[in-house]
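**Student:** need the 3D shape of this:
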Amino acid sequence: LQALPTADPQRRFSDRQIQDLLQKWEGKCRQVRGMASAQDVLAVIEKVYEKEGKAEVPAKVTADVLALPIQAVDDDTVLALLAYSLELEDPDPTDAAKTLPCKYQIYREFNQVCRAWAHAEVEGPLREDWELFKPFVYHLNAAIDALP
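**Tutor:** Take a look at the predicted model:
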């Protein structure tokens, strides 16, 4: 992931964007390490209900969550899922306190390459993009397989 900015011949992603993603990953890993049981996940759901001013978590949701075979998720899995789902941002040039979504998003570029590769009849220049994102394919697939 750290090599993505230099490995991408189209230069879609900056070092700063990737470093920002990795910082968010470290925070998310700390958060996920604290959710190693169904009870931990239920506590997070309860906090969301409370924050949004909703009534108590429905009994069926509570029972379903407590019945899940939840286990700790490793850091690599968190990184793959976060890299796929996180919005990359750049500083707003008019307001330093704000950020703006980047033109290129990892998940969008990844999906476009995978879709094009699956339907390609000839490799051509698509091969370069496929090789760029291929390691991510393996990591994302392993992350999905690791989830309970």
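**Student:** remind me, longest helix of this structure?
**Tutor:** If you go by DSSP state H, the chain has its longest helix at helix 126-146.
**Student:** show the average pLDDT along that one.
**Tutor:** Helix 126-146 comes out with an average pLDDT of 83.
**Student:** in this structure, which spans are helices?
**Tutor:** With DSSP H, the ranges of helices along the chain come out as 4-7, 15-33, 38-51, 59-67, 75-85, 106-119, 126-146.
**Student:** okay if I get those as a markdown table plus mean neighbour count and distance to residue 95?
**Tutor:** (Glycine included, C-beta is placed from N, CA and C.) Converted to a markdown table, the helices of the chain look like this (neighbours: other CB atoms under 10 Å; distance: least, CB to CB, whole Å):
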| stretch | mean neighbour count | distance to residue 95 |
| --- | --- | --- |
| helix 4-7 | 15 | 25 |
| helix 15-33 | 15 | 17 |
| helix 38-51 | 13 | 27 |
| helix 59-67 | 12 | 39 |
| helix 75-85 | 18 | 26 |
| helix 106-119 | 15 | 25 |
| helix 126-146 | 15 | 32 |
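**Student:** now for those, which one comes closest to residue 91?
**Tutor:** Nearest of the helices of the chain to residue 91, taken as CB to CB: helix 15-33 at 8.7 Å.
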